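Trainee: mind looking at a prediction? Sequence and model below.
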Amino acid sequence: MIGNIVKIMVQTSCIFGYIIICYLPLLLFVVHEGVECNERGDHLTDTAVVNG
């Protein structure tokens, strides 16, 4: 019984580890792009306010 639980835990941790390793760079890229996009957006709104 405990062996099965341990086996399941090991399998899930391996899956999560695999997901984290695979998707972490993608996630970081998305966050980085989002931050840059937000900064650009703020800059655009600032210039629009000044020009408007």
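Mentor: That came through, no problem.

Trainee: give the rounded mean pLDDT of the helix or strand hosting residue 14.
Mentor: Assessed by DSSP states H and E, residue 14 sits inside helix 2-51. For helix 2-51, the mean pLDDT works out to 80.

Trainee: switch to numbering from 34
Mentor: New numbering, starting at 34: the last item is helix 35-84.

Trainee: helices or strands next to it in the packing?
Mentor: Contact partners of helix 35-84 among helices and strands, from 3 or more C-beta pairs under 8 Å, 6 or more residues apart in numbering; DSSP states H and E: none. C-beta coordinates here come from the backbone N, C-alpha and C atoms, glycine included.

Trainee: that one: how far from the chain's middle?
Mentor: Offset of helix 35-84 from its chain centre (C-alpha atoms, centre = their mean, to the nearest Å): 0 Å.

Trainee: tell me how many other residues crowd residue 48.
Mentor: Neighbour count for residue 48, taken as other C-beta atoms under 10 Å: 10.

Trainee: residue 36 now?
Mentor: Neighbour tally, residue 36, other C-beta under 10 Å: 7.

Trainee: and residue 67, by the same measure?
Mentor: 10.

Trainee: distance check, it against residue 61.
Mentor: 11 Å (C-beta to C-beta, to the nearest Å).

Trainee: same check on residue 44?
Mentor: Taking C-beta to C-beta, one finds residue 44 at 26 Å from residue 61.

Trainee: then residue 43?
Mentor: On the measure of C-beta to C-beta, residue 43 and residue 61 end up 27 Å apart.

Trainee: do the same with residue 50
Mentor: Residue 50 is 17 Å from residue 61, by C-beta to C-beta.

Trainee: do residue 34 as well
Mentor: Taken as C-beta to C-beta, the span from residue 34 to residue 61 is 40 Å.

Trainee: same question for residue 48.
Mentor: 20 Å.

Trainee: ok, residue 38 next?
Mentor: Distance from residue 38 to residue 61, by C-beta to C-beta: 33 Å.
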